[in-house]
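**Student:** No sequence on hand, only this structure:
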């Protein structure tokens, strides 16, 4: 790592979820001033609402000064069903919570980061964007692919301003998202992974910390499969 994040302000959208909490705790341990967005609490906002999201970001800036880092670790509740049973509204819900929120946050933070000499953005995706997609998650996977394209395009546009944009794509994690997956299947997936275990939230957090702390990395999608980091 070539850039200390000590005393730098970082906003984690989805910072109260299992992955977002692990990211926030690790960043705080490295000395960053972390603001954890959620549906309740000090940083509460509905990210689908542009006014609420922009108000949240401006409130953090007013309270803590320049925001150096943004982590997008948000997803709408997942509806497990075949694509023939899903409607445009299901896709729009995922796109609103993921892609739209990232774009709206960028409307405020990108000019802000430019004025302050740079920054770092990390988007949490899924290994499904580079590996085989599972059945019954078409809307969720589509939104993650959209976020991958957004990450790569943003990185190209923003590198001249010293703003890095990267993604972390973990494989299946045993958490609230995977609560409907049978335990036996989780055991099989763990056995098939390179390290013999499932990916966990701490694996994701370590990758996020590295990407935020290293200003020389941009446009990357870091895959984490069973704790093993791949590019």
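**Tutor:** In hand now; what should we look at? Everything numeric in this text was worked out from a predicted model, so none of it was measured.
**Student:** for this protein, what are the low-confidence residue spans?
**Tutor:** Along the chain, the parts satisfying pLDDT under 70 run over 1-3, 172-198, 226-231.
**Student:** for the lengthiest strand in it, packing partners?
**Tutor:** Scanning the chain for the longest strand, with DSSP state E as the assignment, gives strand 163-170. On a contact count with 3 or more C-beta pairs under 8 Å, 6 or more residues apart in numbering; DSSP states H and E, strand 163-170 meets helix 101-115, strand 119-124, helix 138-158, helix 201-213, strand 221-225. (Each C-beta comes from the backbone N, C-alpha and C, glycine too.)
**Student:** what's the distance between it and the middle of its chain?
**Tutor:** Mean-position distance between strand 163-170 and its chain equals 8 Å (C-alpha atoms, centre = their mean, to the nearest Å).
**Student:** Adjacent strands (with direction) for it?
**Tutor:** Strand pairing for strand 163-170, determined by DSSP bridges: strand 119-124 (parallel), strand 221-225 (parallel).
**Student:** follow-up on the earlier one: as JSON lines, the helices and strands packed on strand 163-170 with mean neighbour count and distance to residue 67 would be great.
**Tutor:** Putting the helices and strands packed on strand 163-170 into JSON lines (neighbours: other C-beta atoms under 10 Å; distance: least, C-beta to C-beta, whole Å) gives the following:
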{"stretch": "helix 101-115", "mean neighbour count": "18", "distance to residue 67": "6"}
{"stretch": "strand 119-124", "mean neighbour count": "26", "distance to residue 67": "7"}
{"stretch": "helix 138-158", "mean neighbour count": "19", "distance to residue 67": "15"}
{"stretch": "helix 201-213", "mean neighbour count": "22", "distance to residue 67": "12"}
{"stretch": "strand 221-225", "mean neighbour count": "21", "distance to residue 67": "22"}
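**Student:** Now tabulate the ones you listed in JSON lines and tack on distance to residue 79.
**Tutor:** Below are those laid out as JSON lines (distance: least, C-beta to C-beta, whole Å):
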{"stretch": "helix 101-115", "distance to residue 79": "19"}
{"stretch": "strand 119-124", "distance to residue 79": "20"}
{"stretch": "helix 138-158", "distance to residue 79": "7"}
{"stretch": "helix 201-213", "distance to residue 79": "23"}
{"stretch": "strand 221-225", "distance to residue 79": "25"}
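**Student:** Indicate which one of those is closest to residue 164.
**Tutor:** Closest approach to residue 164 among the helices and strands packed on strand 163-170 is made by strand 119-124 (4.8 Å; C-beta to C-beta).
**Student:** Tell me who's in contact with residue 106.
**Tutor:** With contact set as C-beta atoms under 8 Å, 6 or more residues apart in numbering, residue 106 has these partners: 121, 154.
**Student:** Look up how far residue 154 lies from the closest residue to residue 78 other than its chain neighbours.
**Tutor:** Closest residue to residue 78 apart from its sequence neighbours, by C-beta to C-beta, 6 or more residues apart in numbering: residue 140 at 5.3 Å. Using C-beta to C-beta, to the nearest Å, residue 140 is found at 21 Å from residue 154.
**Student:** now residue 100
**Tutor:** Where residue 154 is concerned, residue 100 sits at a distance of 14 Å (C-beta to C-beta).
**Student:** and what of residue 141?
**Tutor:** 20 Å.
**Student:** Residue 217 too?
**Tutor:** As judged by C-beta to C-beta, residue 217 and residue 154 stand 14 Å apart.
**Student:** Residue 45 now?
**Tutor:** Residue 45 is 21 Å from residue 154, by C-beta to C-beta.
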